[in-house]
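K.L.:
Generate coordinates for the sequence data below:
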Amino acid sequence: MKKIVISSLVVLAFVAYVLRSRFGGDQTATPTSNAAATNVVLGTPPVTYKDGTYTGSVADAFYGNIQVKAIITGAKITDVQFLQYPSDRSNSVRINTVAMPLLRQEALQVQTANVQTITGATASSGAFVQSLQSALSQAQV
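P.N.:
Numbers count the residues shown, from 1 in each chain. Coordinates of the predicted model:
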């Protein structure tokens with residue numbers, strides 16, 4: 001019984017930490033991915049993109065497909081638009097209503113497809129990364 005209580009407390013603490021880091025504190029800050037931080041630390045040059053609009057591949061998000069379009073202006077990702085996303089189930093709508101703006105915002109911030117997985121939207125996050133990476137591969141100089 002003691003192990004169950006301790007395990008539950010650890011899980012609750014982790015959930016509180018994740019929620020606080022996502023939604024609490026400075027509302028203007030968005031978490032950056034480890035990949036973006038690694039690029040800075042290792043000194044790898046930033047990726048350069050050609051201006052244009054690039055459509056990513058369709059990626060399976062378990063309950064439907066995700067496909068995005070990346071818009072590059074001034075060699076930077078200036079917009080990411082969702083062309084397809086799971087929306088035929090109320091749970092999918094609820095999950096993607098929260099996840100899509102967060103994924104888009106972080107991609108714009110880190111300027112790559114290397115974004116953090118959104119808790120509770122693992123399949124959507126993975127499909128987003130796959131589709132956006134496909135679009136950005138087309139845009140690379």
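
K.L.:
going forward, measure contacts and count neighbours with C-alpha atoms only.
P.N.:
Fine.

K.L.:
how about the helices in the protein?
P.N.:
Secondary structure of the chain (DSSP state H): helices located at 2-23, 34-42, 90-110, 122-139.

K.L.:
ranking these by mean pLDDT, which is last?
P.N.:
For those, the weakest mean pLDDT is recorded on helix 34-42, namely a mean of 44.

K.L.:
so Val58 sits right up against Ile66, yeah?
P.N.:
Yes: using C-alpha atoms under 8 Å, Val58 is in contact with Ile66, at 5.8 Å.

K.L.:
Those two: who's more crowded?
P.N.:
In this view Val58 and Ile66 are compared by other C-alpha atoms under 10 Å, and Ile66 has more residues nearby, 27 against 20.

K.L.:
nearest residue to the more buried one other than its sequence neighbours?
P.N.:
The shortest distance from Ile66 to any residue that is not its chain neighbour, by C-alpha to C-alpha, 6 or more residues apart in numbering, is 4.4 Å, and that residue is Tyr85.

K.L.:
what about Ile72, how many neighbours?
P.N.:
Other residues lying near Ile72 total 19 when counted by other C-alpha under 10 Å.

K.L.:
For it, give me the pLDDT.
P.N.:
According to the prediction, Ile72 has pLDDT 98.

K.L.:
need the contact list for it.
P.N.:
Taking C-alpha atoms under 8 Å, 6 or more residues apart in numbering as the contact definition, Ile72 lies against 49-53, 78-79, 139.

K.L.:
Looking at those residues, which one is closest to Val115?
P.N.:
The closest of the contacts of Ile72 to Val115 turns out to be Asp79 (C-alpha to C-alpha; 14.7 Å).

K.L.:
Against Gly120, how distant is the closest one?
P.N.:
From Asp79 across to Gly120, the span is 24 Å (C-alpha to C-alpha, to the nearest Å).
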